[in-house]
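A.B. asks: please work out how this folds:
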Amino acid sequence: MNTHPRRAARTPRITGRTPRITGLVCAGLVCAGLAACGSPPPPAFNPGGPASTVPATPVAQSSGPGSVVMPPFGKNARIVMTGYLPKDAEMARAVVADKDYELAFLYAEYTGGQSQDWAAYVNRTMEIQVRSRLAKPDVTTESFKGTIRIFAMRVIRDPVVPGNLDVSACFDNAKAVNTSLQSGAVLPGQAPSNDNYYRFTDQLAKSSSGQWQVVSNYPIVYYPQAKECKP
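C.D. replies: Below is the predicted model:
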């Protein structure tokens, strides 16, 4: 997904597709780690508080079939993920993979780009683009707090690429704000707007091992065009 305009985690996604994302890849490859080329490494992250010597915690395990892998967000951040699952078993697996990707990406933004668990849910093309975006200073120096809602999810067969599926959902970050990763202070200039409400669409394809992966994004549709996305 995305957060920005009043930006808590994500903004307009990149083509190829993904949140608070657009990017610079160093010499065609990402620099070591997630830091931008020549930049110092980001401070260690302590979920729920200012930076400390505590490293980012690993992603938690899924609690059972059909359930998502919820990352260990701190008490200052709440991600409300829809429980939607289609009856078709293959579509349901794709939906769970997309939910896991969206949650893992948000956690990467929450930790200032330090968590890399999102990479398990994307193909190589998407990985390069996402790493590029997560290496930017507006990610590596920031976190967010508050509540983000992902709801009104649906899945359809991609109208262009046979075998691929499109998973879309509404994203609402009106009750979340970006913060300084180092101090935890709320960053200035974050006025609420219609851009806090939008519908995103991820395109998924099966990997050679049979796993569903996010391979691209369609353009975001903001409120009021996405009327269903604003309560």
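A.B. asks: okay, now residue 212: neighbour count?
C.D. replies: By other CB atoms under 10 Å, the residues close to residue 212 number 23. Where you see a C-beta, it was placed from the backbone N, CA and C, and this is true even at glycine.
A.B. asks: report the beta-bridge partner residues of it.
C.D. replies: residue 206 (DSSP bridges).
A.B. asks: shouldn't it be in contact with residue 99?
C.D. replies: No. In this structure, residue 212 is not within contact of residue 99 by CB atoms under 8 Å, at 11.0 Å.
A.B. asks: please enumerate the strands of this structure.
C.D. replies: 77-81, 142-157, 165-180, 197-206, 212-222 (DSSP state E).
A.B. asks: how about the lengthiest helix in the chain: buried residues?
C.D. replies: Under DSSP state H, the helix in the chain containing the largest number of residues is helix 89-110. Residues 91-110 are the ones in helix 89-110 that count as buried (16 or more other CB atoms under 10 Å).
A.B. asks: one step back: which of the strands of the chain sits closest to residue 231?
C.D. replies: strand 165-180 (7.3 Å; CB to CB).
A.B. asks: for the closest one, list every residue counted as buried.
C.D. replies: 165-174, 176-179.
A.B. asks: what do you get for stretch 198-218?
C.D. replies: The neighbour-count check on stretch 198-218 (16+ other CB under 10 Å) flags 198-206, 212-218 as buried.
A.B. asks: what does stretch 186-199 give?
C.D. replies: In stretch 186-199, the ones that count as buried by 16+ other CB under 10 Å are 187, 190, 195, 196, 197, 198, 199.
A.B. asks: tell me what residue 217 is bridged to.
C.D. replies: Applying DSSP bridges, one finds that residue 217 bridges with residue 202.
A.B. asks: my read is that it contacts residue 168, right?
C.D. replies: No. Here residue 217 lies out of contact with residue 168, judged by CB under 8 Å, at a distance of 10.2 Å.
A.B. asks: find residues that contact each of these two.
C.D. replies: Here residue 217 and residue 168 share the contacting residues 200, 201, 202, scored by CB atoms under 8 Å, 6 or more residues apart in numbering.
A.B. asks: so for the second one, what's the pLDDT?
C.D. replies: According to the per-residue confidence, residue 201 scores 97 in pLDDT.
A.B. asks: quick one: pLDDT of residue 164?
C.D. replies: The model's pLDDT for residue 164 equals 98.
A.B. asks: and it, what does it touch?
C.D. replies: Counting by CB under 8 Å, 6+ apart, residue 164 has contacts 157, 158, 203, 204, 205, 215.
A.B. asks: which residue packs closest to the second one, ignoring adjacent ones?
C.D. replies: Nearest residue to residue 158 in three dimensions, chain neighbours excluded: residue 164, at 3.9 Å (CB to CB, 6 or more residues apart in numbering).
A.B. asks: could you report the separation of the one you found from residue 98?
C.D. replies: Between residue 164 and residue 98 the distance is 12 Å, computed by CB to CB, to the nearest Å.
A.B. asks: what do these two both touch?
C.D. replies: residue 204.
A.B. asks: what about stretch 76-87, average pLDDT?
C.D. replies: 95.
A.B. asks: bridged to the residue nearest to residue 185 when sequence neighbours are not counted, which residues?
C.D. replies: Leaving out its chain neighbours, the residue that sits closest to residue 185 by CB to CB, 6+ apart is residue 179, at 6.2 Å. Beta bridges link residue 179 to residue 143, residue 186 when assigned by DSSP bridges.
A.B. asks: isn't residue 179 right next to residue 146, touching?
C.D. replies: No. Proximity of residue 179 to residue 146 does not meet the contact threshold set by CB under 8 Å, at 9.2 Å.
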